[in-house]
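# Attaching a predicted model along with its sequence, questions to come.
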Amino acid sequence: MSLPSLHHLHRPLGSTGLRVSPLGLGTVKLGRDQGVKYPNGFTIPDDDQARLLLAQARELGINLIDTAPAYETEHIDLVLVHSDGNDLHILEHEEVYQTLEALKREGKIGGFGLSGKTVAGGLKALERGDCAMVTYNLNEQAERPVLDYAAEHGKAILVKKALASGHACLSPGVDPVRASFELLFAHPGVSSAIVGTINPVHLAHNVATVAAVLGS
């Protein structure tokens, strides 16, 4: 029997023309173990372990990788501005969005947006941009208006902290991973959830759970 995969569940990333898996792989743990907010410590994988994890993700149908700006490439599919929390100031008084608009016109990037921390920032980011990355999970749903706007205007939403960075807790007998994905994908504005892991078992479980939620 073949393992569950996401190959047949790819969906549009807003109006960018890209099609992405409903689960994306966050890769911060591939190169950073300081200043991260996880409940347990971990060891950074070596190169072989990282290659195996990425190969597994591809075999499971994941084609969305969330990574840092250390690229060696002439084209980036999607660039997100990482906000420090001052979303509106960044969007209204800095030139980063203007620069990204120019890069998109030049064909160097396919789309752009903001990974923000406020509702106002998320809404402003989607007015001119293609995508917003928002926090949305069982514990935090304050940014739901951004999801609503995206659904109404054909914009893309990537969800960060989808599993509350490993802190999601429910009553005994309830699978917090499944409950989290059921919440996310019940909203039509959600394009994909970015979940970071370096554990192959967790990755396979996440994929199987998303496939079950979207297939049910």
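Right, received. Where do you want to start? Computed from a predicted model, the values in this text were never measured in an experiment.

# by contact count, what packs against whichever strand or helix holds V134?
Element membership for V134, per DSSP states H and E: strand 131-135. If you count contacts as 3 or more CB pairs under 8 Å, 6 or more residues apart in numbering; DSSP states H and E, strand 131-135 packs onto strand 76-82, strand 109-115, helix 119-128, helix 144-153, strand 156-160. All C-beta spots, glycine's among them, are computed from the backbone N, C-alpha and C.

# Give me the sheet partners of it and which way each runs.
Looking at strand 131-135 with DSSP bridges, its partner strands are strand 109-115 (parallel), strand 156-160 (parallel).

# can you list contacts of it?
For strand 131-135, contacts defined as CB atoms under 8 Å, 6 or more residues apart in numbering pick out 13-14, 16, 78, 80, 111-117, 122, 125-126, 142-143, 146-147, 150, 155-161, 191, 194.

# Tell me which residues of stretch 6-17 come out buried.
With burial defined by 16 or more other CB atoms under 10 Å, the residues of stretch 6-17 counted as buried are 6, 9-11, 13-14, 16.

# do the same with stretch 84-102
By neighbour count on 16+ other CB under 10 Å, the buried set for stretch 84-102 is 87, 90-91, 97, 100.

# low pLDDT regions in this protein?
1-2, 32-40, 69-71, 165-170, 216 (pLDDT under 70).

# what about 90?
Applying pLDDT under 90 to the chain flags residues 1-4, 26-47, 67-75, 164-176, 196-198, 215-216.

# For it, just list every one of the strands.
Assigned by DSSP state E, the chain shows strands spanning 11-12, 19-20, 23-26, 65-66, 76-82, 109-115, 131-135, 156-160, 192-196.

# So L91 sits against L114, correct?
Yes - here L91 lies in contact with L114, judged by CB atoms under 8 Å, at a distance of 6.8 Å.

# want to throw the buried residues of stretch 6-17 into TSV with distance to V207?
Below are the buried residues of stretch 6-17 laid out as TSV (distance: CB to CB, whole Å):
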residue	distance to V207
L6	6
L9	10
H10	13
R11	15
L13	18
G14	22
T16	23
